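J.: build me a model from this:
(chains A, B, C, D and E, ligands or ions: 4)
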Amino acid sequence: GGGSDDEAGGEGKEAKLTMAIASAVIGPKEEVAVYAVAKELGYFAEEKLTVETINADGSVAALQAVASGSGDITPADAGSALGAVEKNVPIKAIGGLVQNWPWVMAVKPDSPITGGADLRGKKIGVISLASGSAPYARAYVKAAGLDPAKDVELLPVGVGAQAAAALNDGKVDMLALYTQAYAVIENAGTQLKYLTNPDVFTGIRSLTFSVGARDFDAKKDSYERFLRAAYKAMLFSAKNPEAAMKIGYKVFPQILAGKSADERLKADTESLAAWLKTATPASGEPEQFGDWGAISDDEWAKTQAYTKEAGQISGDVDLKKLWDPSLLSGANNFDKAAVLSKAANYTA
Amino acid sequence: MAIKATARRAQTQAPASVSEDSWIEIDGLDKEYRPRKSAPTLALSDINLTVRRGEFISVVGPSGCGKTTLLKILAGLSPKTGGAVRIAGRDVTKPLPEVGMVFQAPTLLPWRTIFDNVMVPAEIQRLDPRRHRERAQQLLEMVGLNGFEQKYPHELSGGMQQRAGICRALVHDPAVLLMDEPFGALDAMTREYMNVELLRIWQESNQTIVLVTHSIPEAVFLSDRVVVLSPRPGRIAEVMDIDLERPRDLGIMSSDRAGVYVERIRRHFNAAGVID
Amino acid sequence: MAIKATARRAQTQAPASVSEDSWIEIDGLDKEYRPRKSAPTLALSDINLTVRRGEFISVVGPSGCGKTTLLKILAGLSPKTGGAVRIAGRDVTKPLPEVGMVFQAPTLLPWRTIFDNVMVPAEIQRLDPRRHRERAQQLLEMVGLNGFEQKYPHELSGGMQQRAGICRALVHDPAVLLMDEPFGALDAMTREYMNVELLRIWQESNQTIVLVTHSIPEAVFLSDRVVVLSPRPGRIAEVMDIDLERPRDLGIMSSDRAGVYVERIRRHFNAAGVID
Amino acid sequence: MATSNLVRKPAQPPAPSARPARRKFDLREKPQLWLVPTVFVVVVLAWEYGVQLLGVDEYVLPLPSSVVESLWQQLGDDQFWGHFWVTTQEALLGFVIGVGAALVLGTFISQIKIVEATLMPYIVAFQTVPKVALAPLFVVWFGFGLTSKVVMAAVISFFPMLVNVIEGLRAADADKIQMLTVFGASKAQIFRMVRLPSALPFIFAGLDIGIVFAILGAVVGEFIGAKEGLGYLLLQTNYNFDIAGMFAVLVVLSLMGLVAHFVIRLLQKRLAFWAEDTKVIGA
Amino acid sequence: MATSNLVRKPAQPPAPSARPARRKFDLREKPQLWLVPTVFVVVVLAWEYGVQLLGVDEYVLPLPSSVVESLWQQLGDDQFWGHFWVTTQEALLGFVIGVGAALVLGTFISQIKIVEATLMPYIVAFQTVPKVALAPLFVVWFGFGLTSKVVMAAVISFFPMLVNVIEGLRAADADKIQMLTVFGASKAQIFRMVRLPSALPFIFAGLDIGIVFAILGAVVGEFIGAKEGLGYLLLQTNYNFDIAGMFAVLVVLSLMGLVAHFVIRLLQKRLAFWAEDTKVIGA
Ligand SMILES: Nc1ncnc2c1ncn2[C@@H]1O[C@H](COP(=O)(O)OP(=O)(O)OP(=O)(O)O)[C@@H](O)[C@H]1O
Ligand SMILES: Nc1ncnc2c1ncn2[C@@H]1O[C@H](COP(=O)(O)OP(=O)(O)OP(=O)(O)O)[C@@H](O)[C@H]1O
Ligand SMILES: [Mg+2]
Ligand SMILES: [Mg+2]
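T.: Ligands and ions are numbered 1, 2, ... in the order given. Predicted coordinates for the structure are as follows:
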């Protein structure tokens, strides 16, 4: 498709949207980089949008929320979105968010494990067997030519302290978590060594903006404006993560949970930066970023294949039912320079 | 002390057909207990009895012969297995409001003071509280429980609890009064005093009273007729008219005629082989 | 029917100093109930009494005078507020194993059959089961409860439950037997029969018995001495020796001597103003 | 006076006669025989059409028909039965441990006042802590296997049972305890002969709550970190957006709870029979 | 016979005399006064040194000292009190609703046998379903705000109360009910005068379990999706790797549970006073 540029000026009517965060907690991730920044810097207001957030416990719950109208838009896992469409849940994906494969294997710094070949007989800690980390671990093992069912053991260790404890106590030999989760662990003082992902993982998409399909046409316009504000915020955050984090504290004071901003800022900024790295092009500087939200057919094909392998879908999903990139050109139509300069010169 | 009967007299509007002579009618009554776990027990067999309105009837019989069972059926508490029971022309299938009862065990509510326990029937039937509070107080004084109105049942002796139970059965001035060994836990003297008081209340109020007792002299002293039951299963062995003039006082019990009645009833027990 | 006393006799190895003449010693006993919520009640005041080993003592007194309280203190169930109580030379501060008791209310365990209820003391004291089962059976037959061994308490009449309670107190053949109106729920005939049986058991077994009763003739018929209590707070009004030869039978009650005792006790009640 | 002895041998030997009378079967007397299935059908129909009428989406609350279809499929799957047994095992073990501990501790607490004053605050405090938050500790101490789920089930079924045991053991009738005391009963004998039977209604209420919560506990334990079990299956079906499959598992869990409930009620009828028989007919 | 009347007016007027005797204060009589603090100190010390000795990582089980420090910091934070009140509100509202519904339904169920046969299976079935699995439904029906947490708290405190109410209302003494029946009491009067007072020990056990579970329910409700409340704070502190902070929140939750527990026990002493007084002294 291709959006009409005419609407780009934000001529649409006043609209209220609810963004479902696909996680029960607020942290230095999409809700800061996208929502908090867009809200605080007036990007939503410029689009005549009033946006609220709700926390849904995971991608499936978030997709259920937008499909049933409890929420409007959610950055949820692409695999879950494929699964939803296969089960005829009326949702549409309208723009990408996380571009790079966020999962990675980590071991203790003194571990003899250096790559997939050393995995035989090892225990891998995953978040839960029913989460993105288990299929990732299996795929990783398989890519190394081993049989994930026989050659390794997966143990559900959760994230954060629990995962760190499992690794430190030797209950598992390695962890299969997403980069931002590692940032949290490292910030708490546990040192890690990361294994490189084989090529098979490049191009597989995770967090992707999805909306309910039923009143899609009626809300199309406000979704486009939302995406634009969101991508502006992403650009701002990528340029100045620390500013984004400070804004995050302002909008979501609960992130501090009793601590002071000064105490937390450094660690949270690192954490947010780790997340931003997965959500922006793998190379280049923010000045060069463009084409926010684009997902290529090849990326979709890889994502489909991976999701099928993971068991989330049983066959190929008709992409036309899910993926509607028609809002993206309009969403990318904003003044990058203004955003960048604002980011460079931001003072609280 | 005179206990005034409250003006209210249970709304016993009997059907026109009911004669005052058959106020309570028991007709071929049978009762068999059928416990789930054990063998059935025949408690009452073919009981026939008609009680006049305002009559004072006593029931005597050996322990376990079915006296309590009979009262419970009259009270509408226990289903019969055969026969018919009517009070004031109405079949007794559930408790009737004009019936009051004194239970073999005092059965007071532990969470109520003695006074509030006595007030239970008045409260249930939503009777004029002021008048009945007064009556309750008079009754408690009559039975010697003044000073104990605000105590709780477990602070009373067995006999005191039983006396509270008697007050409770009298407080709403029921038209029919069923009493199951009301004086069993009282010493002989208090018992005699209570007998006299009961007679007085009965005479003032025109109540119909069915009294179960273990004391044959008490039965003779109080009653118009004494029903003698045989050992289990209870059958009517004799219904004896007590032809002593009223009003009676305790002195009458030393009369020969009373002695004859007592002796005749006693002989029933012996004939039935109750005692050696 | 002869109920054999089991060979075992409670291990009442009294200190050498304890004379058989002061087997139970009550010395200036006071008892005041002090409920948390209401005013205290003085139940017993300055009770002094010494009971010989093997003696049969009856306690009579108006309802609420403290008879049950006295038994409960003897049984070690209720703390005294003053004075001393000793049984076989030992201070009674908790229940002693050689004491058995019949309660004013039957207090059977609803989850046990009648037979198993009667066996409770034997079970508690881990006595030879075979011999005591036999004894329990004999006792149940004596009180006329044969055929009801396997029934549950709620399937029995009030008097039958009380009889079961008596069997329970006798089954382990206690050296001291406390009985709180054990025959209150029995008809006059059964009661007399039970009196005779109790006398027989007592004579065969050399038990010391303290019986609370409301029947003055019963007290006279059974006892060596009758303790008359005054109305609350209970004080000893008189301790009367009953000088009737033993063994006694019911005929003795029509003797003049017995009549005199009964009359004398009665007069105490009247003097105390218990009855009008 | 005559020397007959009919108190001993009542004149009518057939006192307790014959055998318990058979009750005849009557549908009007047992309306549940048709009411229960009727209500079931109504509930299912209401669900089926309510979902459609209320506009609840199938991916939030699936139709009973799809749930049944999915259930059917699951029941034919060996793996499903594996999960089923794992959870059953965890729940039962946890139940037995939790309820057993509550019985023992409740006994102590109710008997020795001082134990209550010193222990109860910690028990209550611990209960108010959401166990999910302690998951890391559980895993550190009890590992990833069966144990941590059993502990979870035990911990959650423990408290309702404990409260009921304490309350129940206290509810015993003072007169009955006095009676036993006179006959020289030890604390243990009083406990066995009076306190325990008196507490049975409380204990069965505790067991009823306990078994339901034990199942819940096992499932929640599996949420935290498990490789098998119905809780794991719930996560898995949810992750795969197989909402009908998830509800099929929920149905199975419900049935487990129901069966356990009825077993406990049956046991109660057996063991606390006297409470049944004393019911008033009139009231 | 003489015509005195001393049954009426006992010879000794001071029958119930004076006023209740004051008990004098004695530390030996109330050992809890020193035992409770002692146990507390022991528990805390055991925790502090146990953590170090057992080599439990501080980010799994923090030292009490760090927890206290963190707690102190939290208590000085306005935001914390906001969370606190939100959870308190959710828990109390949920408790009142859940327990109220259980009382009403329990009354129906215990009075009308057929209601039990038809309803109870669904209640038990619903109870065995992990509410977390129904979160999407809850959210669709009750939104992301206060309501869904209140519902969660209500739902979880409902069941223990219901079971206890049913059992308690049945436990009433048949004789007492008969007595009232004779005097013409309606079902409602029997309920008020006998069933309810008899059920109080059960009801208080239910309330005790219920309030603790209501707090738990509110917290779990917040886990599913909330922006405030102590449950949310738990997730957040955990996510932030602030384990001491998380335990500080747990301590606060424990204290909430404790206070609620003691309030309920106090109420019980007030309302079910007669049960206290009938206790045997000897046993
Ligand atoms: N609920 C019951 N279930 C089974 N049998 C019962 C029940 N109640 C009474 N019985 C039996 O019915 C018979 C009569 O009992 P009832 O209580 O009427 O006797 P009673 O004449 O009042 O005796 P008492 O003078 O001892 O009180 C007894 O044999 C008793 O065992
Ligand atoms: N637990 C208690 N708390 C307070 N007062 C009590 C308690 N038990 C008994 N009393 C009081 O003590 C007095 C004596 O009671 P007790 O039961 O000893 O009388 P009793 O002689 O056995 O009377 P009865 O012949 O009526 O059984 C009574 O006034 C009673 O109110
Ligand atoms: Mg009777
Ligand atoms: Mg007494």
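J.: for the residue in the stretch 201-348 of chain A that chain D sits nearest to, which non-adjacent residue is spatially closest?
T.: Nearest residue of the stretch 201-348 of chain A to chain D: A:Q312, at 5.3 Å (C-beta to the nearest C-beta). Quick note: C-beta positions are derived from backbone N, CA and C, even for glycine. With sequence-adjacent residues excluded and distances taken as C-beta to C-beta, 6 or more residues apart in numbering or on different chains, A:Q312 is closest to A:G83, at 4.3 Å.
J.: how about the one you found, secondary structure?
T.: Classification of A:G83 using DSSP: H, G, I helix; E, B strand; the rest coil returns helix.
J.: so what's the residue count around it?
T.: 25 (other C-beta atoms under 10 Å in any protein chain shown).
J.: what stretches of chain B score poorly on pLDDT?
T.: Residues of chain B meeting the criterion pLDDT under 70: B:1-18, B:271-276.
J.: packing partners of whichever helix or strand D:T181 is part of?
T.: According to DSSP states H and E, D:T181 maps onto helix D:174-182. Judged by 3 or more C-beta pairs under 8 Å, 6 or more residues apart in numbering or on different chains; DSSP states H and E, the packing partners of helix D:174-182 are strand C:99-102, helix C:120-124, helix D:187-190.
J.: out of the ones you listed, deepest packed?
T.: Highest mean neighbour count among those (mean count of other C-beta atoms under 10 Å in any protein chain shown): strand C:99-102, with a mean of 26.
J.: and the following helix or strand past that one with ligand 1, contact?
T.: Per DSSP H and E, the first helix or strand lying C-terminal to strand C:99-102 is helix C:114-118. No - applying C-beta under 6 Å from any ligand atom, one finds helix C:114-118 separated from ligand 1 by no less than 9.9 Å.
J.: mind listing what the residue of the stretch 201-348 of chain A closest to chain D touches?
T.: A:G79, A:S80, A:L82, A:G83, A:P135, D:Y239, D:N240, D:F241 (C-beta atoms under 8 Å, 6 or more residues apart in numbering or on different chains).
J.: contact partners for the fourth one?
T.: By that I understand A:G83. A:V60, A:T307, A:Q312, A:I313, D:N240, D:F241.
J.: same check, this time on the third one
T.: The contact partners of A:L82, taken as C-beta under 8 Å, 6+ apart, are A:T303, A:Q304, A:T307, A:Q312, A:I313, A:V317, A:L322.
J.: same question for the fifth one.
T.: For A:P135, the contacting residues are A:Y306, A:E309, A:A310, A:G311, A:Q312, taking C-beta under 8 Å, 6+ apart as the criterion.
J.: and if you look at the second one?
T.: Listed by C-beta under 8 Å, 6+ apart, the contact set of A:S80 reads A:S59, A:V60, A:L63, A:Q312, D:Y239, D:F241.
J.: restricted to helices, list the residues you listed.
T.: Residues of those located in helices (DSSP state H): A:S59, A:V60, A:L63, D:Y239.
J.: and the closest residue to chain E within chain B, what element?
T.: Closest residue of chain B to chain E, C-beta to the nearest C-beta: B:G144 (3.7 Å). Taking DSSP H and E as the definition, B:G144 sits outside all helices and strands.
J.: same question for B:E25.
T.: Using DSSP H and E, B:E25 falls in strand B:24-33.
J.: parallel or antiparallel, list what pairs with that strand.
T.: strand B:41-51 (antiparallel), strand B:82-87 (antiparallel) (DSSP bridges).
J.: quick revisit: I'd say the residue of chain B closest to chain E and B:M194 touch.
T.: No - between B:G144 and B:M194 there is no contact, the gap being 9.4 Å when judged by C-beta atoms under 8 Å.
J.: who touches both of these two?
T.: B:R163.
J.: ok, back up a step: now do the residue of chain B closest to chain E against chain D, distance only.
T.: Distance from B:G144 to chain D, counting by C-beta to the nearest C-beta, to the nearest Å: 24 Å.
J.: run a quick neighbour tally on that residue.
T.: B:G144: 25 neighbours (other C-beta under 10 Å).
J.: and A:G284, by the same measure?
T.: Count around A:G284 with other C-beta under 10 Å applied: 10.
J.: what's the pLDDT at it?
T.: A:G284 carries a pLDDT value of 84.
J.: middle-most residue in the chain, spatially?
T.: Answering for chain A, as no chain was given. A centroid search over chain A (C-alpha atoms, centre = their mean) returns A:L207, at 3.8 Å, as the residue closest to the centre.
J.: nope, chain D
T.: D:D208 (2.3 Å).
J.: pretty sure that one is touching D:L258, no?
T.: No - if you go by C-beta under 8 Å, D:D208 and D:L258 don't touch, sitting 11.5 Å apart.
J.: where's A:K13 relative to chain E, distance?
T.: 25 Å.
J.: give me the nearest residue to that residue, chain neighbours excluded.
T.: In space, and not counting its chain neighbours, A:K13 is closest to A:K48: 6.9 Å by C-beta to C-beta, 6+ apart.
J.: the one you found - how many residues pack around it?
T.: Around A:K48 there are 14 residues (other C-beta under 10 Å).
J.: for it, phi and psi?
T.: phi 60, psi 40 (degrees, to the nearest 10).
J.: over to the one 3 residues further on?
T.: The phi and psi values for A:V51, taken as degrees, to the nearest 10, are phi -120, psi 130.
J.: quick check: it touching A:A15?
T.: No - using C-beta under 8 Å as the test, A:V51 is too far from A:A15 to be in contact (9.1 Å).
J.: those two - which one has more neighbours?
T.: Applying other C-beta under 10 Å to A:V51 and A:A15 shows that A:V51 carries more neighbours, namely 23 against 18.
J.: how near is the more buried one to chain D?
T.: Counting by C-beta to the nearest C-beta - A:V51 and chain D are separated by 23 Å.
J.: what residue in chain A comes nearest to ligand 4?
T.: Closest to ligand 4 within chain A is A:G258: 66.0 Å, counting by C-beta to the ion.
J.: neighbours around that residue, how many?
T.: Residues contacting A:G258 under the criterion other C-beta under 10 Å number 24.
J.: and it, helix, strand or coil?
T.: A:G258 ends up coil, using three-state DSSP.
J.: need phi/psi at it.
T.: The phi/psi pair for A:G258 (degrees, to the nearest 10) is phi 90, psi -10.
J.: so who does it touch?
T.: The contact partners of A:G258, by C-beta under 8 Å, 6+ apart, come to E:S70, E:Q73, E:Q74, E:D77, E:Q79, E:F80, E:L233, E:T237, E:D242, E:G245, E:A248.
J.: out of the strands paired with strand B:24-33, deepest packed?
T.: The most buried one of the strands paired with strand B:24-33 (mean count of other C-beta under 10 Å) is strand B:41-51, showing a mean of 21.
J.: the longest helix belonging to chain B close to chain E?
T.: Ranked by residue count and defined by DSSP H, the top helix of chain B is helix B:188-205. Yes - judged by C-beta under 8 Å from any C-beta of the partner chain, helix B:188-205 comes into contact with chain E at B:T190, B:E192, B:Y193.
J.: which SS class is the residue of the stretch 101-250 of chain B found nearest ligand 1?
T.: As assessed by C-beta to the nearest ligand atom, ligand 1 sits closest to B:R232 within the stretch 101-250 of chain B, at 4.8 Å. At B:R232 the chain is in coil, as set by three-state DSSP.
J.: for chain D, which spans come out with low pLDDT?
T.: D:1-30, D:32, D:136, D:275-283.
J.: return the set of buried residues in stretch A:279-289.
T.: Neighbour-count burial for stretch A:279-289, counted by 16 or more other C-beta atoms under 10 Å in any protein chain shown, picks out A:A279, A:T280, A:P281, A:P286, A:F289.
J.: over to the closest residue to chain E within the stretch 51-200 of chain D: give its phi and psi.
T.: Residue of the stretch 51-200 of chain D nearest chain E, by C-beta to the nearest C-beta: D:T128 (2.7 Å). Torsion angles at D:T128 (phi, psi; degrees, to the nearest 10) stand at phi -80, psi -10.
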